Structures are given as structure tokens and as C-alpha cells.
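Asker: Need the 3D shape of this:
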Amino acid sequence: MGINRRGAALGALVLGITTLPAVSASAAAPPTAQSASTAEPTRTTAAAPEARRDGGTWYLRAKHSGKCMTVHGASTAKGAAVDQYTCVGAANQRWKLLYTSQYGLAYLINEKSGKCLDVQGGGKSNGTKIIQWDCNSRKNQIFHARNLTGYMALKPYHAASKCLDVPGASRQNNTRLVLWSCNNRDNQEFKPVPA
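Answerer: Just a heads-up that it's a prediction; the model follows:
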């Protein structure tokens, strides 16, 4: 994908247009330092040929703790930590699902920052940190998100044997989410609750 198309897609996202370019097999390069706005990503415009299906806006509540997946400190900075925190209904706890053309694969866009949930640096190792980053259509920002009626494990597309994990099944606020081998435990299950 050329830089012009990537830049146009980011510009569309900043303006609130729910479009992202198709994911290609070569989309594995590290994130670029493109600028982004804090414009709310929840606005939509008429569907374009590349428009993705809006999956709604959700709180993602950890099964083991009942706490919500949260961008730490309501930060709008790229690279900000994603952790769990008591659900308080804040914008940094709301995530918009934007489905790709492939069944069950979605971007999770934070309502407060307009940035995408991201596996830092595209890492695949246990303990890799979960952050927010400028949306860029890379595979480390696409997650399997199929079950919106019960609990679901969030598995990144680039490392489908790994899951988002609350380390040590901690119940403490501000426990940072990481990538870990999927193990079907409650600290890897999240319940989508409509926002």
C-alpha cells in the first residue's frame, strides 16, 4: 500500500469517515509517525466503496474482575497504555468496533482518542504490551471479535494463538493489558456491554 493511500485513509478516519484500506499480506511494517487528531471517530458519513461495517460502541468488561478496558489516564497520545479500570462510563473506556470485510475481524477504536487498539510493535511474544496507536490498517490492530452476546477472547490477527490478557488475573485498577498465549481463563475473556 502506498503512502498516499495510507495517508488518505488516516485523513478519512480523522474526519470521522469510517473507512480503512483493505489489509494486505505486506502490511506488517512498524507504525509510522503520521499525525492524528483527537476528533471523535464515532461520526460517520455516507458509505464509500471501502467502508467497513460499524459494529457499534462498547465497554469491554474483563470477566474475572468486572473492570473495563481503558486507555490509561484518558490519554490521547499514541503509545499510551491500555489497562483495566473500574467502569465509570468515561469516553476512554468506550471502544468502537469497525469490522473489516472478513467475518469477525475488527479494529477497536477508542472513543476518546480516536486511536486504534494495537499490539505494540507488532510483537508476538508473551508479555508484549497493548497500547493505542494511530490507526494504520496493520494486522497488529485487527482483532477477532465475533461474540458480542457473551464473553469473547480478543485475538490479534497477526498472532491468532495469542490473546489480550490481564496479567496474573489481577483485579487491581491500572493493571496493564498484555499479549499472552490463549488459555481459556477468565482474565482473557471480555464482555461487550453496549455504550
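Asker: SS state for G73?
Answerer: For G73, the secondary-structure state derived from DSSP: H, G, I helix; E, B strand; the rest coil is helix.
Asker: Name all residues that make contact with it.
Answerer: G73 sits next to A80, N92 when contact means CB atoms under 8 Å, 6 or more residues apart in numbering. C-betas here are computed from N, CA, C, even on glycine.
Asker: where's the most centrally placed residue in the chain, which helix or strand?
Answerer: Residue closest to the mean C-alpha point of the chain, counted by CA atoms, centre = their mean, is L117 at 2.7 Å. Under the criterion of DSSP states H and E, L117 resides in strand 116-119.
Asker: next structured bit after that strand?
Answerer: strand 130-133.
Asker: sorry, back to before: what's the model's confidence in the strand holding L117, averaged?
Answerer: Averaging pLDDT along strand 116-119 yields 98.
Asker: contact partners of it?
Answerer: 31, 82, 95, 107-110, 128, 130-136, 140-141, 143, 156, 158-159, 179.
Asker: how about the helices in this structure?
Answerer: Under the criterion DSSP state H, the chain carries helices at the ranges 3-14.
Asker: on that earlier part again, could you export the strand holding L117 as PDB, keeping only the C-alpha atoms?
Answerer: The C-alpha coordinates for strand 116-119 follow below in PDB (Å, rounded to 0.1, in the frame of the first residue of the first chain):
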ATOM      1  CA  CYS A 116      -6.800   2.000  17.500                       C
ATOM      2  CA  LEU A 117      -6.100  -0.700  19.900                       C
ATOM      3  CA  ASP A 118      -2.600  -2.000  19.000                       C
ATOM      4  CA  VAL A 119      -0.200  -4.800  19.900                       C
END
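Asker: how far does it sit from the chain's center?
Answerer: Put simply, strand 116-119 sits 5 Å off its chain's centre (CA atoms, centre = their mean, to the nearest Å).
Asker: Ok, stretch 115-130 next?
Answerer: With CA atoms, centre = their mean, you get 10 Å for stretch 115-130.
Asker: Quick check: end-to-end length of it?
Answerer: 13 Å (CA to CA, to the nearest Å).
Asker: Next: stretch 76-93.
Answerer: 12 Å.
Asker: One more: stretch 147-166?
Answerer: Stretch 147-166 end-to-end distance (CA to CA) = 19 Å.
Asker: So which bits of it are buried?
Answerer: 152-159, 162-166 (16 or more other CB atoms under 10 Å).
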